[in-house]
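I need the structure of the sequence given here:
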Amino acid sequence: MQQSKRTIHRKKKPTFATHALRFLLISSLLISIGTLLLSWKAIQYNEASQPPPNGKGLKNYVRRQVKFGDKAIKTAVEQTANTKVEAPVKKAEPVPPPPPSPKREDPKIVEVMKDEPKKNTKTDPNANSQLYQPDPKMGKRLLTYRRFGGRLNNQLFQFITALQHAKVLKRTLVVPDEIREVDWTGMFDTAFGIWDIDALNAAYDIDWVSALDPTFTTPDECLMHWREAPQLLEGGPKHWEEWDKKCPDIINIAGNTGLLFCERQHQFCGDSEAQKAAYEIYSHLRLSPEIMEYIPSKREEFKNAGYNEMAIHSRRAGEGGYDWELCIGGNRKTCSHHLDGENGVKFCDERTMKGNCAIWMDLEYQIKSKSALKKNQKDYRFVLASDGTHDWSIDYDGQFVVANNTEWLMSLEKKALEEVKSGKSVEAMATSSFAKERLKNKKDLSNIHGTMDALTATLLDLFSLVDSKYLLGAYYSTLSFNACYFRGVDRMYDSNMCWMLMHSETKLAIPPPEDSRIHVGGDESKEMPPALMSDVEHAFVRSKDGKFIAIDRYLVDNGRKRNTIAVLGDGLVPLTIEKGSDGKETVEAKFTCSMGDQLNTKATVILMKGNKSLHDHYLVQGEKYNTPFSTNGDRFRTLIILCEDLNYDKSLSRHPPLILTSDDPSFHLSIGSTFARPMGKPQTKRTQEQKKPEGLELVHCLNPVYGLKDPRWLIEYLEYHKTIGVSHVHIYNVDMHTPEVQEVLQYYRRQNFVTRHDWSSKASGEYTTKITYEHAKWASQSDCALRSRGQFDFALFSDIDEIAVGRNGGQLGPALDACAAAKDKDNKIGCTFNSNTVTSVYTKLDEKEEAYFKDKLMLERYSRMEAQPHCPANCYCSGSNCSNMTRKYHQGRQKYMINVRDSNIPPRPMWTHAISRDYDEMDKVMEVLDDDLIHVRHFQGHWYLNKDLLNTMEEKDSPLAEGVMNSVRNEIKSIIELWENYEKAKQAAINSSSMGVPWIKPVERPEKYHPNISK
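All right, here's what the predicted structure looks like:
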């Protein structure tokens, strides 16, 4: 009989030894399980409360997101010790996905998108992250950097770059302390509730405490040179192992010398994996939900109004100065770094590169996606992130919205005051050295208000760019750069530029499909909008009531250690003019100056003086003109406002707006443009390499130019003045916008001889209209004097139809020496000189004469001028038979130059024929120079024509110096692009029988007025 298996395998009765063995096995298993649980618990504990690796015993080096106003701000150690293990950090609500992008059927694009970071994908065993396995016990394994003194968007890029390096090198990032205002990001000071950094801390090893210790340092051998740092990630695992041996405790990737770009502009370092690691960081870095509520798309009043269709980053044309090649050159650099060949030609065309620096002038062409285009300009709705340089409401009134942080700031200040009332300290809010210093012994946040305002305003601008369907960004800007990466790879083609920067898998960028793009490399790229040919983007900001326009804000060298902040403008401001018992008038401003946390400081108004009272010139004269600005009839409303109590912090790269406001709400003005510093020459490498010319330097402030379309006169005018001793020319351009003229200006710009100011009606916010453009010269002259202050010796003021003539028809050096001598001897701050009329411009030449002058310069064509000045048009007569004649100041249409080298001379508005029309004062401060030393020749004379005097007056032959004319001619012929332009324009003039100056129509005159060509 077969037994059952149970019977066969029945076990014997266990012995004592068996029981003991079982007990030991079960005990070991329980101990192992307990160990695992404790280890897991310790891991959770360490993630929140591990002491800093430098071993200094500081607690809570992983900062938690806390808010000022909570009942208690607990450390992560306390939270872990007293509560259960925390669940994973809850992610912020994601931004709603945008509508589908244009189809991306290009196989290259599909491949790139396919290769971008995805979750739950298998790791490549040959990836550097797998090959590089450093010993975690080998040193403290820290990485840090030095802060670069750039604006907030640069600070963010530095932080993300450093964190990328720490991630790749498997080290802990020690975030450097924020000491200066320019360093401040608000990340340390979590009590302010600016950032939500919990997700960031959960994903990365970040030490927020060690660097707060002033003794925290990096050994010299571990401080990377600026040339070494960009090569670190490129070196790969073997290179990293060498650095691990050399610096096991800490590596400092520096950064104080600039931003850490690698092979290409605005590109992260390392291979594809390393670059994607940088991309990933952006997905963990977020603003606090409280601030995000102020993104325009989140505001109830803007929802469903179409403003989220597009976001525009409006970057100033000449950031950091008024050489806007800094912007254009940067755009070209970025574009050409990421594209080459045919794509480089198509996407980096001149119009795109220039127009991107002034998008308000060329909005439609700067849009590169068909899906973002509208039929009409008025159909666009967008969120605007602007530096405040340009007033977009001029052309886009009601079409855009901007983020506003005011309510958030008020809410934070209210919470701070509540804490103070409850007995707590405002200083307790601070963690960074900068914030602690600013809030030390303070009762409120006023000492940090301006900084916090600028910081949060920039952050709202940045995230407004992120939270839109289409981004129209600035190629060379790190603000737009950061916005692209915050938006992510899957949205990179919903922009004019993001796709250009994000190509970790390919050497060069992959452009969007042809069927989705527009304004790329077509003929339209050659149709350059005239206003783009400018070097200065003036503020031209109007007051709330529209009666005053600010040309710019300035940093004025006043001869003392601290420069003065000033505003130049035109129009009506709240003020009183009181006359004292001594007859002197006193002007008192009824408004104040504020900037950042400097509130309601005194304003001083400097008015133009005249032959009447200040009251009459400012408030009474020119009543018939329907404009609040300066006009004919001696209405002098060009003025300078001094904000002498405001401090200019040169450590800031972006200064808060300058606000002028009255006690009542009637007058308010905010100027956010770059400070116009005294610099008469473009600050470029080429300029710095140029040798300082011998003798005194003269800058020519050319009054607003309009009506000039023939480039020949402009070429001769500029070459002539360069030949006789002018160092630089400021050209205020009202409508001199023909392509031929612009080409000439562009050439001289490249030579650093001219600075072009766009004073067209559009660019000036309708300031230079037909009513006011003539007297906008007072504002332009004042602007030029302020910009040239301390950079040249003298500034000369004249019009495009006037040339200065030195001794014996030649150089201006002797006149400059004479004016300098008058300053030394009698403290004269300027010199005036006569204007003599070149009446031969009205003489219609016969065929023989035209043939003779065909190959002559236009300046040689007009060698005859008035023998005596005509009164009262060009002089003033009194007594019988004009026994007493004077040509002083406006009576002789005089022009003048002033000393701009001496910064002790107070700034003031400039008049046409002298510094002011107060002749009693002018006699004391201005020297009158003789005609043989210097005069101007005026190629005009309508007073002769209108009074039918052209055929009765006396003329004399007075040609310009032959040597000067030969020099001008030879110079023009030696420069191919100038000569071709000149000859082309001359041929056009021959064909139209108009070889003379374009603003004069010649008339028949008797033989005696014709040139003697037989000589």
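
CA only for contacts and neighbour counts going forward, please
Fine.

residue boundaries of the strands in the stretch 451-600 of the chain?
470-472, 541-542, 548-556, 564-571, 575-579, 585-589, 591-595, 598-602 (DSSP state E, counting those that start in this stretch).

give me the helices and strands touching the second one, please.
With contacts defined as 3 or more C-alpha pairs under 8 Å, 6 or more residues apart in numbering; DSSP states H and E, strand 541-542 has these neighbours: strand 548-556, strand 668-671.

between the ones you listed, which one is closest to residue 887.
Closest approach to residue 887 among those (C-alpha to C-alpha): strand 548-556, 32.5 Å.

need the contact partners of the closest one.
538-543, 563-573, 628-629, 658, 671, 673-678, 767, 779, 783, 786, 789 (C-alpha atoms under 8 Å, 6 or more residues apart in numbering).

so residue 347 makes contact with residue 517?
No. Using C-alpha atoms under 8 Å as the test, residue 347 is too far from residue 517 to be in contact (10.6 Å).

which among the strands of the stretch 451-600 of the chain is found nearest to residue 189?
Nearest of the strands of the stretch 451-600 of the chain (C-alpha to C-alpha): strand 598-602, 22.3 Å.

quick check: buried residues in the closest one?
Under the neighbour-count criterion of 16 or more other C-alpha atoms under 10 Å, strand 598-602 has 598, 600, 602 buried.

strand partners (parallel or antiparallel) of the helix or strand following that strand?
Downstream of strand 598-602, the first helix or strand assigned by DSSP states H and E is strand 604-607. Looking at strand 604-607 with DSSP bridges, its partner strands are strand 638-643 (antiparallel).

give me the distance from the partner strand to the chain's centre.
23 Å (C-alpha atoms, centre = their mean, to the nearest Å).

ok, and what's touching that strand?
Strand 638-643 is contacted from outside by 564-571, 593, 601-608, 629-630, 778-779, 907-909, using C-alpha under 8 Å, 6+ apart.

pull out the buried residues from those.
Here, 16+ other C-alpha under 10 Å leaves 564-571, 593, 602-608, 629-630, 778-779, 907-909 buried among the contacts of strand 638-643.

how about the helices of the stretch 401-550 of the chain, start to end?
Using DSSP state H, counting those that start in this stretch, the helices found in the stretch 401-550 of the chain span residues 406-421, 433-439, 446-466, 478-487, 498-501.

which residues does stretch 1004-1015 contact?
840, 843-845, 849, 852, 863-864, 950-951, 955.

out of the helices and strands packed on strand 541-542, which gets nearest to residue 275?
The closest of those to residue 275 is strand 668-671. By C-alpha to C-alpha, the value is 39.2 Å.

in terms of secondary structure, what does that closest one contact?
strand 541-542, strand 548-556, strand 658-662.

and stretch 144-163, how far from the chain's centre?
What separates the centre of stretch 144-163 from the centre of its chain is 20 Å, taken as C-alpha atoms, centre = their mean.

now stretch 149-166
20 Å.

and for stretch 908-920?
The chain centroid and the centroid of stretch 908-920 are separated by 33 Å, computed with C-alpha atoms, centre = their mean.

circling back to that earlier point, would JSON lines of the strands of the stretch 451-600 of the chain with distance to residue 353 be doable?
Below are the strands of the stretch 451-600 of the chain laid out as JSON lines (distance: least, C-alpha to C-alpha, whole Å):
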{"stretch": "strand 470-472", "distance to residue 353": "13"}
{"stretch": "strand 541-542", "distance to residue 353": "26"}
{"stretch": "strand 548-556", "distance to residue 353": "25"}
{"stretch": "strand 564-571", "distance to residue 353": "30"}
{"stretch": "strand 575-579", "distance to residue 353": "44"}
{"stretch": "strand 585-589", "distance to residue 353": "43"}
{"stretch": "strand 591-595", "distance to residue 353": "33"}
{"stretch": "strand 598-602", "distance to residue 353": "38"}
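
turn those into JSON lines, including distance to residue 303 and mean pLDDT.
Output for the strands of the stretch 451-600 of the chain, formatted as JSON lines (distance: least, C-alpha to C-alpha, whole Å; pLDDT from 0 to 100):
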{"stretch": "strand 470-472", "distance to residue 303": "16", "mean pLDDT": "97"}
{"stretch": "strand 541-542", "distance to residue 303": "29", "mean pLDDT": "90"}
{"stretch": "strand 548-556", "distance to residue 303": "33", "mean pLDDT": "94"}
{"stretch": "strand 564-571", "distance to residue 303": "38", "mean pLDDT": "96"}
{"stretch": "strand 575-579", "distance to residue 303": "42", "mean pLDDT": "96"}
{"stretch": "strand 585-589", "distance to residue 303": "42", "mean pLDDT": "96"}
{"stretch": "strand 591-595", "distance to residue 303": "32", "mean pLDDT": "96"}
{"stretch": "strand 598-602", "distance to residue 303": "34", "mean pLDDT": "95"}
